[in-house]
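**Student:** here are the coordinates; sequence isn't available:
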């Protein structure tokens with residue numbers, strides 16, 4: 001099953017997340033299918049904190065990918081309509 005999820009990057013005490021499409025059971029590091037955007041929770045500017053390719057998101061959702069709990073909460077916070 002394909003899932004749109006957050007994949008942590010960055011260094012210690014400085015989180016940075018990539019929003020990716022991947023298999024549900026895949027590991028937290030390594031290959032992924034497609035990158036949709038990123039989220040930087042420590043960025044001071046909101047425009048630089050979150051970026052998402054909504055056309056890719058809609059395409060993956062239409063093809064059967066589901067949102068993980070973390071991405072669902074993140075999209076609600078930034079008021080992104082998924083369907």
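**Tutor:** Looks like it came in fine. No experiment lies behind these values; they were computed from the predicted model shown.
**Student:** all strands in the protein, in order from the N-terminus.
**Tutor:** For the chain, the strands defined by DSSP state E occupy 2-11, 14-23, 34-39, 50-52, 66-67.
**Student:** how about TSV for these, with mean pLDDT, mean neighbour count and distance to residue 79 added?
**Tutor:** (Each C-beta comes from the backbone N, C-alpha and C, glycine too.) Converted to TSV, these look like this (pLDDT from 0 to 100; neighbours: other C-beta atoms under 10 Å; distance: least, C-beta to C-beta, whole Å):
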stretch	mean pLDDT	mean neighbour count	distance to residue 79
strand 2-11	94	16	17
strand 14-23	95	18	16
strand 34-39	96	18	14
strand 50-52	94	16	11
strand 66-67	96	18	15
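**Student:** For residue 60, find the nearest of those strands.
**Tutor:** Across the strands of the chain, residue 60 has its closest neighbour in strand 14-23 (5.4 Å, C-beta to C-beta).
**Student:** helices or strands next to the closest one in the packing?
**Tutor:** strand 2-11, strand 34-39 (3 or more C-beta pairs under 8 Å, 6 or more residues apart in numbering; DSSP states H and E).
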